[in-house]
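Participant: Sequence and predicted structure, then a few things I'm wondering about:
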Amino acid sequence: MFDKITEHIYIHPAEHYTDRPNIGLIVGEKSTLLFDSGNSEKHVEKLKAELSEQSLPFPDHVLLSHWHWDHSFGAKFWNVPIISGRKTNDELEKVSKWKWDEISMENRIRTGEDIVFCSEMIKREYPDRNKIEIALADTVFEGTLTLDLGKISCELIHAKGPHSEDSVICYVPSEKFLFLGDANCKDLYGKPWDFDIEHEEDFLENVAKIPYDKKLVEDFVSLLEKLDFDLCISGHSEIMTKEELFESLSC
């Protein structure tokens, strides 16, 4: 279900079994923005069904927070214009050329293009990987982009952050709310770490051992300090206060 957070903001909670992220819905008087697309056609079908059940508007636009599969592979199935940062779209162009047979997936792990965790989660979400379809953005921006949804605006900001260089956050000033995507998270691609799907209960412990890049965190915090928000949400965790976010980034 989409949980109502403020008058204009709803959030569909993350589902960890196949790494489905939190999905944000920002409802204005003229149009509605979806923050992140979901990770598959099945995920999108579930989101659409729950929007209908709750009599919530379907999105007029979908914003992708970054290129990682769990945030972007559902975009094709909304059939509405997609918005992304330029770096995100560039990465998705590369991914659109990937093959999804076992050998190709193993080769990408060896070259560092992909990681074991994402590969295993994709196999769970897609029993038939022939159904993977990558959509590119209809609107691509650099720096910042402001969307007027009707008596509510969203500021889309290429924030970089410690997780992925292309990360875009969505700031909703009137609600004092910030969608982070995974921008505040650690870089799972940058340094080696262990993931064994047979022992996935060790996931959080193993991720905790990955160090933050201190310079990227400092730059990210400096950007966030300029934004007047009370609450925020990351891609796979629960709502935090601004203070809780900063505390989680202290290193």
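Facilitator: On my side now, so go ahead. Remember, it's a predicted structure, so these values are computed and weren't measured experimentally.

Participant: Settle this for me: residue 87 is touching residue 143, isn't it.
Facilitator: No. With contact defined as Cβ atoms under 8 Å, residue 87 does not reach residue 143; the gap is 11.2 Å. For glycine as for every other residue, the C-beta is placed from the backbone atoms N, C-alpha and C.

Participant: Which residues are in contact with each of these two?
Facilitator: Residues touching both residue 87 and residue 143 (Cβ atoms under 8 Å, 6 or more residues apart in numbering): residue 158.

Participant: more neighbours, the two?
Facilitator: Neighbours were counted for residue 87 and for residue 143 using other Cβ atoms under 10 Å; residue 87 has more, 19 against 9.

Participant: tell me which element the more buried one falls in.
Facilitator: helix 86-95 (DSSP states H and E).

Participant: Which elements pack onto that helix?
Facilitator: helix 69-72, strand 139-141 (3 or more Cβ pairs under 8 Å, 6 or more residues apart in numbering; DSSP states H and E).

Participant: now the last one: mean pLDDT?
Facilitator: Per-residue pLDDT values across strand 139-141 average out to 98.

Participant: just checking, what's the longest helix in the chain?
Facilitator: helix 41-53 (DSSP state H).

Participant: out of the helices and strands packed on helix 86-95, deepest packed?
Facilitator: helix 69-72 (a mean of 26; mean count of other Cβ atoms under 10 Å).

Participant: thinking again about what came up before, out of the helices and strands packed on helix 86-95, which comes closest to residue 217?
Facilitator: helix 69-72 (20.6 Å; Cβ to Cβ).

Participant: how much space between residue 137 and residue 154?
Facilitator: 16 Å (Cβ to Cβ, to the nearest Å).

Participant: For these two, indicate the residue with more neighbours.
Facilitator: Using other Cβ under 10 Å, the more surrounded residue of residue 137 and residue 154 is residue 154, with 27 against 21.

Participant: How is the nearest residue to that one once chain neighbours are set aside assigned, secondary-structure-wise?
Facilitator: The spatially closest residue to residue 154, leaving aside those adjacent along the chain, is residue 147, at 4.7 Å (Cβ to Cβ, 6 or more residues apart in numbering). Here residue 147 is strand, with the state taken from DSSP: H, G, I helix; E, B strand; the rest coil.

Participant: Identify the residues contacting the closest residue to residue 56 other than its chain neighbours.
Facilitator: Of all residues not flanking residue 56 in the chain, residue 2 sits nearest, at 6.0 Å (Cβ to Cβ, 6+ apart). By Cβ under 8 Å, 6+ apart, the residues touching residue 2 are 10-12, 25, 50-51, 54, 56.

Participant: right, and the helix or strand after the strand or helix carrying residue 157?
Facilitator: Counting by DSSP H and E, the element that carries residue 157 is strand 153-158. Per DSSP H and E, strand 153-158 leads on to strand 168-172 as the next helix or strand towards the C-terminus.

Participant: Show me what the helix or strand following that following strand pairs with in its sheet, parallel or antiparallel.
Facilitator: Per DSSP H and E, the first helix or strand lying C-terminal to strand 168-172 is strand 177-181. As defined by DSSP bridges, the strand partners of strand 177-181 come to strand 168-172 (antiparallel), strand 231-234 (parallel).

Participant: helices and strands around the next helix or strand after the shortest one, which ones?
Facilitator: By that I understand strand 231-234. Beyond strand 231-234 on the C-terminal side, the first helix or strand identified by DSSP H and E is strand 240-241. Packing contacts for strand 240-241, counted by 3+ Cβ pairs under 8 Å, 6+ apart, involve strand 231-234.
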